[in-house]
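Participant: build me a model from this:
(2 chains)
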Amino acid sequence: MTLNQRQLVDNDRSRFDFKDEIVYLTETKRGLTRATVEEISALKAEPEWMLEFRLRAYEHFLKRPMPMWTDGLDRIDFDKIIYYRKPSEREEKSWDDVPEQIKATFERLGIPEAERQFLAGVGAQYDSEVVYHSVKEELSKLGVVFMGTDQALIEYPEIVKKYFGTVVPPEDNKFAALNSAVWSGGSFVYVPKGVEVPLPLQAYFRINGENTGQFERTLIVVDEGAKVHYIEGCTAPIYATDSLHAAVVEVIALPGSKVRYTTIQNWSNDVYNLVTKRAHAYEDSTVEWIDANTGSRKTVKFPSIYLRGRGATADIISVAVAGKGQHQDTGAKAIHLAPDTKSRIVSKSVSKDGGRATYRGHLKVSPGATNVVASVRCDALMLDDESRSDTYPYIDIAEDDTSMSHEATVGKISQDQVFYLMSRGLSENEAQNLIVQGFLEVFTKELPMEYAIEFNRLVKLEMEGALG
Amino acid sequence: MTDALKLAFAGEEIARHLAATFEEPDWLLEERLDAYRRYAELPPETNQLFTTYLDLRAARFAEIEPYKVTGDTTDPSSRPPPGSEALLHVEEDRIVARALSEEARAAGVIVDTFANVLRHSPELLRSLIEGGASLPENDKFAQFARAHAAIGVVVHVPGGVELVRPIVLRWSIGAAGRGLTSRTVISIGDNASASILEEQLSSVAADGPQSLWWGTSEVVLGDGARLSFAAEQDFGPNTLMFVNRQATLGRDAQLQWALASVGSQLQRSRIDNRLVGRGASVQQAEIGFGGGSQLFDLTSYTRHVGQDTTGDLLSKGVFTDRARGFFKGMIDIERSARGTDSFLGEFAMLLSKKARSVAVPSLEIDQPDVRRAAHSSSVGPIDETQVFYLMSRGLPQDLARKYIVLGFLEPVVARIPLPEAQDRLRQLLDAKWPRTAEPTAA
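Facilitator: This next block holds a predicted model:
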């Protein structure tokens, strides 16, 4: 790599590492009590049912033991976390109304550029509240709703009440319970019957502020025959102490609909990223999770799809890059509950500089789910001796006409390939970088172009110094 | 600590009583007490990955009373059955036959009980089992056997001795409400080679209370040693079976497991392969054919420690009626294990709506410098194109389906050392084919 390229890369890195001084207008005290939950609900002037939902979740959170199947979560100190911050008073409709400092932050994150290009709509979460939203006019005319979940609770109470917490109930796991108790922000998307959203909906999330927990709650309802692609990308400033991000994403794909949800997760290396993402796929619908994790100290995330209607299809691509000090505990779940359903899971992981990449997956074919076709493929690349790779797939089949195949391989970069590329004039680092990019291409090729470029740049950054 | 299994027949007093009955030396009593302490503290499953897939509901331990006294034959023989090198046959609570060929005896081969070995060469047994390293320390079931064994078997083949014919270990169990806990310790010296056939048979067709066989295979292979170990499990439908098999392999040692499970109500098996010496290799083939409400819970761990070791593991299951198979596998490649080649395959065929198969083929890899680290798994019905092909050659449909299933299991059958045992296994598998599906006309 030439000096200029290296400088370019270094400059790029700084783009993600900054912290703004913000005066928080409202924030709860550190730590979590019943009063914190009530305070959050009161600040938002929520309906009674939501307060009850939060309290039910809070009670469950207290009772539920910390999961023991993955390690390191006991380092999270729930008493040190601020559960709610509100950086500006109300949701902004126009870019001009967004406070200057927040605007400057987003400027550096590239949101306006992205919008200028081909955004269908932008929702940007700054800490706990959605501060900026714009949905292009034609989409509004089509009846597509894209706004903060808090706002949706006010404007579309029936839809929210009908679906909220039905895909991921608070009792699902400890962190879903925590999110349900203190959730704030996140996106709400509703696509009416038969409407195809022509361009991806995008949202950027950021954590700002030391010890800020971020608990966004995203709910996507895609009505019969409708189609949507939702993209989220994350960056966060780097701090010395741990931040916690515990999100819940619920997707409801009604009959005949098609939903794709793409994530590029690049939290800074002090963030615990514990996310429950789940979709219900009804008759003849298709749900796709395209999920990449390059950042965070520890990510625990297994995008899942419950195939509830006959003929539904699930497609999950999960990619993880684990560098120094990182543990990517990621994977996928496909739960077949109806006949003639299909699922495909592809997982690719790279571990290096002592990082640990874990694939954890669950493929289940329940009684009654006849004629299922399912496949799982996991490949792992380890770049050095210090790193670690684990594969933990669960395959539970209870129907005799299921066709299921599963394959996994783990290995290092082929020296033959490196040698070949070097013989064509590439440096060793460039050769390795190219091979890793090729290994991850199954993911990259599913991204819109600017995201693919950004993702490849991220991989390149990660590959920096991979060679001793 | 309370015992999660709530076994009335487990206890420190029982372990002491067994040691006293068999007049065991102090070090062996200490072994039992150490095992009991571990047993009492361990949960039934220590591996968080597998806790959801342990199902002991079919076991009615309360109605079983294991034997506390066992007897030996008064008439050991020097003429094992034709084709074999040695035979040790345990029926219920006693050894009914014990035979070792003249030449094997002359070469220093031992196939005998703990009690006799303690009399003649106590240091041999002590060096093999003291400290508990021959069984997994984190496995409750293994520690139960270590604490409560009412009979112990030693198979010892000294360095350099090559046995051509197999050693047969036969267990006949099935008396209602009774059970046998045992340990089998196998040591194959440097550059020695041997084959073992273990047969588990039903002694009586019993109704009523369940019966139990609880045992081990604790294998140590010296440098360059070779062992082929085959097992046929055909206990009655009212029998519970718990088995731990652990092997530690020295430099360039080779081990072959060929394990077939047909009988029992519930079989819980855990295999630990420990590839310690450079160039050691294990080849493991395991099959289960389940019907009725049978459950085969088959776990295998392969730990690569030395350089250039090879693991090749294949598990296959066929399940009909409400039968279930849990295949839990773990390949662990330690940082020291450069040049590992490891493969784990778990394949199942489901023949009925209510049958179920679970596979958890996991990998934990700390060393990327591998020749291969992979697993593969599939579940599917009988391939109808294969059925069609056989039918086009004149076979009736049901026979075609049966042959495809038997062909699926054949790779393990072919590895059974004695031709008679091989034929018997084929018959067992054949008989397992659902009766209702038999062709009505010839």
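
Participant: pLDDT (mean, whole number) over the strand or helix carrying B:Val282?
Facilitator: Using DSSP states H and E, B:Val282 maps to strand B:281-290. The pLDDT scores in strand B:281-290 average 95.

Participant: give me every residue that touches B:Asn191.
Facilitator: Going by Cβ atoms under 8 Å, 6 or more residues apart in numbering or on different chains, B:Asn191 touches B:Gly159, B:Gly160, B:Gly222, B:Asp223, B:Gly224, B:Ala225. Quick note: C-beta positions are derived from backbone N, CA and C, even for glycine.

Participant: assign the fifth one to helix, strand or coil.
Facilitator: The three-state label for B:Gly224, taken from DSSP: H, G, I helix; E, B strand; the rest coil, comes out as coil.

Participant: about what we covered before: so in that sheet, which strands flank the strand holding B:Val282, and in what orientation?
Facilitator: strand B:254-261 (parallel), strand B:310-319 (parallel) (DSSP bridges).

Participant: which one of the contacts of B:Asn191 sits closest to chain A?
Facilitator: B:Asp223 (26.8 Å; Cβ to the nearest Cβ).

Participant: the closest one: what's it in contact with?
Facilitator: Per Cβ under 8 Å, 6+ apart, neighbours of B:Asp223: B:Asp190, B:Asn191, B:Gly250, B:Arg251, B:Asp252, B:Ala253, B:Gly277.

Participant: the same query, at a cut-off of 7 Å, please.
Facilitator: B:Asp190, B:Gly250, B:Arg251, B:Asp252, B:Ala253, B:Gly277 (Cβ atoms under 7 Å, 6 or more residues apart in numbering or on different chains).

Participant: what about the helices in chain B?
Facilitator: All helices of chain B, identified by DSSP state H, fall at B:12-21, B:26-41, B:102-106, B:114-120, B:122-129, B:140-148, B:384-392, B:397-413, B:419-432.

Participant: pull the distance from the last one to the chain's centre.
Facilitator: If I follow you right, that is helix B:419-432. 18 Å (Cα atoms, centre = their mean, to the nearest Å).

Participant: name the surrounding residues that touch that helix.
Facilitator: Counting by Cβ under 7 Å, 6+ apart, B:Leu197, B:Glu199, B:Glu232, B:Asp234, B:Ala260, B:Val262, B:Phe289, B:Gly291, B:Leu406, B:Leu409, B:Val413, B:Ile416 sit against helix B:419-432.

Participant: from chain B, how far off is A:Ile413?
Facilitator: In this view, A:Ile413 and chain B are 9 Å apart by Cβ to the nearest Cβ, to the nearest Å.

Participant: my guess is that residue contacts A:Gln432. True?
Facilitator: Yes. The criterion here is Cβ atoms under 7 Å, and A:Ile413 meets it with A:Gln432 at 5.9 Å.

Participant: which regions of chain B sit below the pLDDT cut-off?
Facilitator: B:1-3, B:205-206, B:435-442 (pLDDT under 70).

Participant: can you list the residues of it near chain A?
Facilitator: B:48-49, B:335, B:350-353, B:355-370, B:373-381 (Cβ under 7 Å from any Cβ of the partner chain).

Participant: just the buried residues of those.
Facilitator: Neighbour-count burial (16 or more other Cβ atoms under 10 Å in any protein chain shown) applied to those gives B:49, B:350-352, B:355-370, B:373-380.

Participant: quick one, helices of the stretch 51-200 of chain A?
Facilitator: Counting by DSSP state H, counting those that start in this stretch, one finds helices in the stretch 51-200 of chain A at the ranges A:100-109, A:111-118, A:137-142, A:149-155, A:157-163, A:174-182.

Participant: what pairs with B:Arg183 across the strands?
Facilitator: Beta-bridge pairing of B:Arg183 under DSSP bridges involves B:Gly152.

Participant: tell me the contacts of it?
Facilitator: Taking Cβ under 7 Å, 6+ apart as the test, what B:Arg183 contacts is B:Ala145, B:Arg146, B:Ala149, B:Gly152, B:Gly215, B:Thr216, B:Glu218.

Participant: worst mean pLDDT among the helices of the stretch 51-200 of chain A?
Facilitator: Among those, helix A:111-118 scores lowest, at a mean of 42.

Participant: which strand residues bridge residue 342?
Facilitator: Since you didn't name a chain, this refers to chain A. Under the criterion used here (DSSP bridges), A:Lys342 is bridged to A:Thr313, A:Val373.

Participant: the chain in question should be chain B.
Facilitator: Beta bridges link B:Ser342 to B:Gly311, B:Ala373 when assigned by DSSP bridges.

Participant: what about it, neighbour count?
Facilitator: If you count neighbours by other Cβ atoms under 10 Å in any protein chain shown, B:Ser342 ends up with 26.

Participant: my guess is it meets B:Gly311, correct?
Facilitator: Yes. Judged on Cβ under 7 Å, B:Ser342 makes contact with B:Gly311 at a distance of 4.2 Å.

Participant: quick check: neighbours shared by those two?
Facilitator: Taking Cβ under 7 Å, 6+ apart as the criterion, B:Ser342 and B:Gly311 both touch B:Thr302, B:His304, B:Ile331.

Participant: residues contacting the second one?
Facilitator: Neighbour list for B:His304: B:Leu275, B:Gly311, B:Asp332, B:Ile333, B:Glu334, B:Ala337, B:Thr340, B:Ser342 [criterion: Cβ under 7 Å, 6+ apart].

Participant: likewise for A:Gly325?
Facilitator: A:Asn269, A:Arg297.

Participant: and it, how close does it get to B:Ile64?
Facilitator: Remark: distance between A:Gly325 and B:Ile64 (Cβ to Cβ, to the nearest Å) = 52 Å.

Participant: the residue in the stretch 101-250 of chain B positioned nearest to chain A - how many residues pack around it?
Facilitator: The nearest approach of the stretch 101-250 of chain B to chain A comes at B:Asn138, 15.1 Å away (Cβ to the nearest Cβ). By other Cβ under 10 Å, the residues close to B:Asn138 number 13.

Participant: same check on the one 3 residues further on?
Facilitator: Counted with other Cβ under 10 Å, residues neighbouring B:Phe141 total 22.

Participant: looking at the helices of chain B, which one is packed in the most?
Facilitator: Per-stretch averages of neighbours, counted by mean count of other Cβ atoms under 10 Å in any protein chain shown, single out helix B:140-148 among the helices of chain B, with a mean of 25.

Participant: which strands and helices lie in contact with that one?
Facilitator: Applying 3 or more Cβ pairs under 7 Å, 6 or more residues apart in numbering or on different chains; DSSP states H and E, one finds that helix B:140-148 contacts helix B:12-21, helix B:26-41, strand B:178-188, strand B:211-221, strand B:239-249.

Participant: ok, now how distant is the residue of chain B most remote from its centre from A:Ile397?
Facilitator: The C-alpha centroid of chain B is most remote from B:Ser392, which lies 39.9 Å away (Cα atoms, centre = their mean). Between B:Ser392 and A:Ile397 the computed distance is 30 Å (Cβ to Cβ).

Participant: just the buried residues from the contacts of B:Arg183, in PyMOL please.
Facilitator: A single PyMOL command selects the buried members of the contacts of B:Arg183 (16+ other Cβ under 10 Å):
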select buried, chain B and resi 145+146+149+152+215+216+218
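
Participant: nearest to A:Glu386, of the contacts of B:Arg183?
Facilitator: The closest of the contacts of B:Arg183 to A:Glu386 turns out to be B:Glu218 (Cβ to Cβ; 34.8 Å).
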